[in-house]
Every structure is written in structure tokens, then in C-alpha cells.
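S.K.: Predicted structure and sequence below. I'll ask about it afterward.
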Amino acid sequence: MSRRSTLLALVTVTTALVAPPAGAAAAPPPAPGAEVSPEMDPQRAIDYWTARKQSRADATDLPENVITPRSAGASTSVPSGRRLTPGADVNGYSPMRRPYRQAQTSRATGRLFFLDAGGHRRSCSGAVLRSARGLLVVTAAHCVYGVAARGAQARWSQHLAFVPAYDGRAKTLNERAPYGVWGARRVWKPRPFTGVTPYDWDSVYDLALVEVGRRGGATLQGQVGGLTPVRNEGGRHTVSSIGYPSDAPYDGSRQLWCLARTRSWPGHALGGTTGGRLRTDNCHLYGGNSGGPWLDGDGLLLGVLTSGAGDEDGFGYAVANPLGRESFGAVVRRADPHGVYDALSVEGSGAGGRATATVT
């Protein structure tokens, strides 16, 4: 099947194909650019992250933000009327069906382990991105770059290792990591993500790509498949959020999902504030879930979880950064110049949850 035919096949009968808008061929505004880490040793990361260390990794610290005080006796749950996930807990989440290798979205989603800027063992979530070389994992930038303390110099995380379909409750090591551990070779992030300022909490640039090494000549995408990225700038969608929350009441051992409806939400960008983010009140944020994929009804990747809150009703929420042209686009064009990112785009619609896709 040709590349164009493959892309067209991804758009289902519920999605309307439209002609590119007038003036679509005009040159886009300059992107802010991307930075790449020094080259890393994948095998060193694999050797470091034993099963014992994986089970004891803490959730990553979120970027500096303003915490809303919790009033006495306040509820800490998503109201039952806003829980859309079948069998959802009080925070909106439900366990994915095990074993995770059965479903393609579960196989492609995994837990990302690393040493943060302070040398602490941490974890985030991530997902395999469909790419030309089949070695890319998408996650949040604050999982791969940050500072150890206020005023310190920002550093790349070390010993990054991705475990697709991680199952911390499995009985054997092979079942815990059914596709093995994949060590990182290098990482890309948008240049404006500094890991230092409080604005990074609401930054549209809190996105990153991790390139892992091959295992015995095999690629990560060849083993578990990959999620197709869809260029978008946020808006109204119905999404499935998948990841590994590890802050209490969770422990990072299970893959959880949450069904949500989104709306536009502001974020910091070069030149001011933009509304190009995705917010939902159907799911609350918990540490460790950062970097997890947000998928549309066809399993296409719309964004990754980056911020939010898990406190009282009225303040508990989750926010994802969409795969925008100036943020994610700056990174993916460096990491995957021959991939599919620029071939698919989608715009949100408030009418019945429909989306309009443009295939070029």
C-alpha cells in the first residue's frame, strides 16, 4: 500500500475529509527550534534499571506551579456525574485489561524510568510514536529535563529506560516487561522549555521525544507498534488518557485509563499566552502519569499529559499538550524528518464531538 493510501486508511467513516483551506501552502511562521541531549549509552540504562529499582521508582516532580490550598473537609474526587470511564474510581480512572500485550494501545504505552537532575529514581509515562526509524518514545519534557533545586543549572535526565506494556503486578520478570527494557540513546525537547522558570508548568513546550537503541537488531516500533501523531492545536475532543500514575493512591504498577471530554486551555508560549492546550475535568492528575498519551476514538495520538491537579472538586483536572506545529513540530522535525507528522492534521469541533481531518 502506498504511503498516501496508508494515511487515507487511517481516517474512518466518521471523519470528514476536506480540502486544504485557501492559503494552506503559505510558509508557516518560524518554529522555536529544538535541543538534543548528548548521546547516551542504551545498555548502561538497561543494566541500571533492575526490576527492583523499577518497582521503587518515585513519580517525577512536576514543574514549579502554584498549589491551590485544600479547604477543610473538601472532596477529593471527580463527581460521579463527570466520571465517564466504565468502572472508574473516584479520580476518573479504571485499570486497562491485562495482559497489556493484547491491545495495541496498551502495548505501545509504557513506563519511562530515569534519574532526574538531582540523581533521584523517577518515573513517567510515555508511548511509542510511529516514526520512520521506529525508535521514538513521546513523553513530557519535564520528565527528561529539569533542575535539582531553585537556582541550579538545568540538566538532562540520565539512565532513561522505557518499558512498554509494563506490568508491575505480574508474577515473573518476563511478564513484568513482556517486550524488554529499552535504553535511551538521545532526547529532544523544544528550546523554550527551560526546566527552570515557573512558566514551564503551563508551557506549551512541555513535550519531548526519546530515541531508544535497538535490541538485537529489532526496533521498538517493530515489537509493539506505534501511535500515529496527529497535528493539532487543542480544542474539543473525546479522548482516552493512558498511563502509569504512581502518586498515592496509586503505585505505578498498573496501566490505567480515563475517558474524557476536552476543551481549550491557555498555556505559556513565546510571545505571550496561547489557548492551544487540552483540559479535562473528567480525570485528575497524579504524578507518574506525566507523558501519557491522549488518544482519539480511532487511536490516533492527539497529545501527552503534562500538568493539572489532583485535589478538591473544582480544582482537580488534567491538561495535555497537543501536537502543535510550533511545539511538538519543532521537535519531531529534528528527530523524525521523514515521518508522518506533517501528513495528518485535525481540528476540534463542538458539534457532536466530530473532528475534521485534513490529509495532505
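M.R.: In hand now; what should we look at?
S.K.: which stretches of this structure have low pLDDT?
M.R.: 1-31, 62-76, 311-314, 347-360 (pLDDT under 70).
S.K.: just the helices in it please.
M.R.: 3-9, 42-48, 51-55, 104-108, 173-176, 220-224, 328-335 (DSSP state H).
S.K.: Phe193: which of the ones you listed is closest?
M.R.: helix 328-335 (9.6 Å; C-beta to C-beta). For every residue, glycine as well, the C-beta is placed using N, CA and C.
S.K.: before we move on, the earlier item: and the helices of the chain as TSV, adding mean neighbour count and distance to Thr273?
M.R.: Below are the helices of the chain laid out as TSV (neighbours: other C-beta atoms under 10 Å; distance: least, C-beta to C-beta, whole Å):
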stretch	mean neighbour count	distance to Thr273
helix 3-9	11	33
helix 42-48	17	37
helix 51-55	14	38
helix 104-108	21	32
helix 173-176	14	43
helix 220-224	21	36
helix 328-335	23	18
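S.K.: Let me have those in a markdown table, adding distance to Pro95 as columns.
M.R.: Output for these, formatted as a markdown table (distance: least, C-beta to C-beta, whole Å):
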| stretch | distance to Pro95 |
| --- | --- |
| helix 3-9 | 31 |
| helix 42-48 | 27 |
| helix 51-55 | 18 |
| helix 104-108 | 11 |
| helix 173-176 | 16 |
| helix 220-224 | 19 |
| helix 328-335 | 29 |
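S.K.: Figure out which of those helices is closest to Gly235.
M.R.: Smallest distance to Gly235 across the helices of the chain (C-beta to C-beta): 15.2 Å, for helix 328-335.
S.K.: Determine how far the closest one lies from the middle of the whole chain.
M.R.: Offset of helix 328-335 from its chain centre (C-alpha atoms, centre = their mean, to the nearest Å): 15 Å.
S.K.: Between the helices of the chain, which one is closest to Ser77.
M.R.: Nearest to Ser77 among the helices of the chain is helix 104-108; the distance by C-beta to C-beta comes to 25.5 Å.
S.K.: re earlier: for the helices of the chain, which one sits closest to Pro190?
M.R.: Closest among the helices of the chain, once you apply C-beta to C-beta, is helix 328-335, at 5.2 Å.
S.K.: Could you list the residues in contact with the closest one?
M.R.: Contact with helix 328-335 is made by 31-34, 36, 129, 131, 136, 188-191, 207-209, 211, 229, 231, 321-323, 339, 341-342, as judged by C-beta atoms under 8 Å, 6 or more residues apart in numbering.
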